[in-house]
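Colleague: Below are the sequence and a predicted model; questions follow.
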Amino acid sequence: AFLPPTVLLSNLPTSRFPAAVTTDNRLAGRELATHLIDHGHRRILFVSGRFESSDRARLRYDGYREAMEAAALPVLDALQIPFVTGHDDLDLGPALAVHRPTAIIASNDLLALAVIAALRREGLSVPGDVSVAGFDGIAIGRLVDPPLTTIEMADASMGATAASLLLDIAENSAAPRHLMLGYKLNAGGTVRRIGVRTSSPQRGEGGA
C-alpha cells in the first residue's frame with residue numbers, strides 16, 4: 001500500500017519509516033542518573049510505563065543503567081506500571097520497602113508528579129526524604145513546589161523540525177533522514193544533595 005511521506009516524532013526510525021526527529025534518550029537518561037549520583041544518591045529507582053509501549057522509556061532506562069554501572073552502583077529493575085487514567089492509584093509502598101531508594105527517576109514528567117503524590121501519601125517529603133526527577137520539561141513541572149528536576153526536551157522545535165523535514169521529502173523528493181535534537185537538564189528543586197561533608201562530618205549537611 002502507498003504510504004504518504006511520514007516523519008516519526010520522538011520515536012526511532014524504522015525500516016518502514018526511516019524519517020524521524022528524536023532526542024538521544026539514552027544519553028539523557030545517563031545524564032540525569034549521573035546528576036543524582038553526583039548529589040550523593042546510591043539507591044536510585046527507575047519508575048516507568050511499560051517498555052513495550054515506549055522505546056523512549058526503555059532508552060532512558062538504558063541510560064540510567066549505564067550511569068549506575070559506570071559508578072559501580074546497584075542497577076535496580078525498572079518498576080513498570082500500566083498507564084491508567086491519571087496515576088492517582090500509584091502505590092509505591094512495596095517498592096519503597098524493598099529497595100529503600102533515596103531517589104526516583106520517572107520516565108516522564110507526568111509520572112514524576114504522580115510519584116511525588118504517591119510519596120506524599122506514604123508520608124514522605126520531596127526532596128527531604130526522597131528526591132525525584134523526570135523527563136520532558138513540561139510546563140506544569142515548573143509550577144509545582146518545588147519545581148521538578150527534569151531533562152527538558154526540545155518539543156516545540158521538534159515539531160517544527162519534523163514539519164520542515166516532511167515538506168522537504170514531499171516537495172523536493174529529499175531522502176528521509178533521522179535528525180537528532182538536543183536537550184538540557186533543568187536542576188529544579190526536587191533533588192537534594194545527601195551524604196556527609198568530609199570537612200565537618202559532625203555538623204551534617206551545613207548550608208546545602
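Modeller: Now that the structure is in, tell me what you want to look at.
Colleague: Just the strands from the protein, written as ranges.
Modeller: For the chain, applying DSSP state E gives strands covering 8-9, 20-23, 44-48, 79-80, 103-106, 131-136, 149-153, 178-181, 183-186.
Colleague: Take these and lay them out in JSON lines including distance to residue 37 and mean pLDDT.
Modeller: From N, CA and C alone the C-beta is placed, and that goes for glycine too. Converted to JSON lines, these look like this (distance: least, C-beta to C-beta, whole Å; pLDDT from 0 to 100):
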{"stretch": "strand 8-9", "distance to residue 37": "31", "mean pLDDT": "84"}
{"stretch": "strand 20-23", "distance to residue 37": "21", "mean pLDDT": "86"}
{"stretch": "strand 44-48", "distance to residue 37": "7", "mean pLDDT": "97"}
{"stretch": "strand 79-80", "distance to residue 37": "19", "mean pLDDT": "94"}
{"stretch": "strand 103-106", "distance to residue 37": "9", "mean pLDDT": "98"}
{"stretch": "strand 131-136", "distance to residue 37": "11", "mean pLDDT": "96"}
{"stretch": "strand 149-153", "distance to residue 37": "13", "mean pLDDT": "94"}
{"stretch": "strand 178-181", "distance to residue 37": "25", "mean pLDDT": "86"}
{"stretch": "strand 183-186", "distance to residue 37": "13", "mean pLDDT": "94"}
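Colleague: Out of the ones you listed, which one sits most buried?
Modeller: strand 103-106 (a mean of 30; mean count of other C-beta atoms under 10 Å).
Colleague: What helices and strands are in contact with that one?
Modeller: helix 25-38, strand 44-48, helix 109-121, strand 131-136 (3 or more C-beta pairs under 8 Å, 6 or more residues apart in numbering; DSSP states H and E).
Colleague: Given it, what are its sheet partners and their directions?
Modeller: Using DSSP bridges, strand 103-106 pairs in its sheet with strand 44-48 (parallel), strand 131-136 (parallel).
Colleague: The last one versus strand 149-153: what angle between them?
Modeller: Calculated by axes from the mean of the first three to the mean of the last three C-alpha atoms, to 10 degrees, strand 131-136 forms an angle of 10 degrees with strand 149-153.
Colleague: Put the alpha carbons of strand 131-136 into PDB.
Modeller: Taking Å, rounded to 0.1, in the frame of the first residue of the first chain, the C-alpha atoms of strand 131-136 are listed here in PDB:
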ATOM      1  CA  SER A 131      14.500  13.000  45.500                       C
ATOM      2  CA  VAL A 132      12.500  12.800  42.300                       C
ATOM      3  CA  ALA A 133      13.400  13.600  38.700                       C
ATOM      4  CA  GLY A 134      11.700  13.300  35.300                       C
ATOM      5  CA  PHE A 135      12.000  13.800  31.600                       C
ATOM      6  CA  ASP A 136      10.200  16.200  29.100                       C
END
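Colleague: Would you format the helices and strands packed on strand 103-106 as JSON lines with distance to residue 62 included?
Modeller: Output for the helices and strands packed on strand 103-106, formatted as JSON lines (distance: least, C-beta to C-beta, whole Å):
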{"stretch": "helix 25-38", "distance to residue 62": "5"}
{"stretch": "strand 44-48", "distance to residue 62": "10"}
{"stretch": "helix 109-121", "distance to residue 62": "17"}
{"stretch": "strand 131-136", "distance to residue 62": "13"}
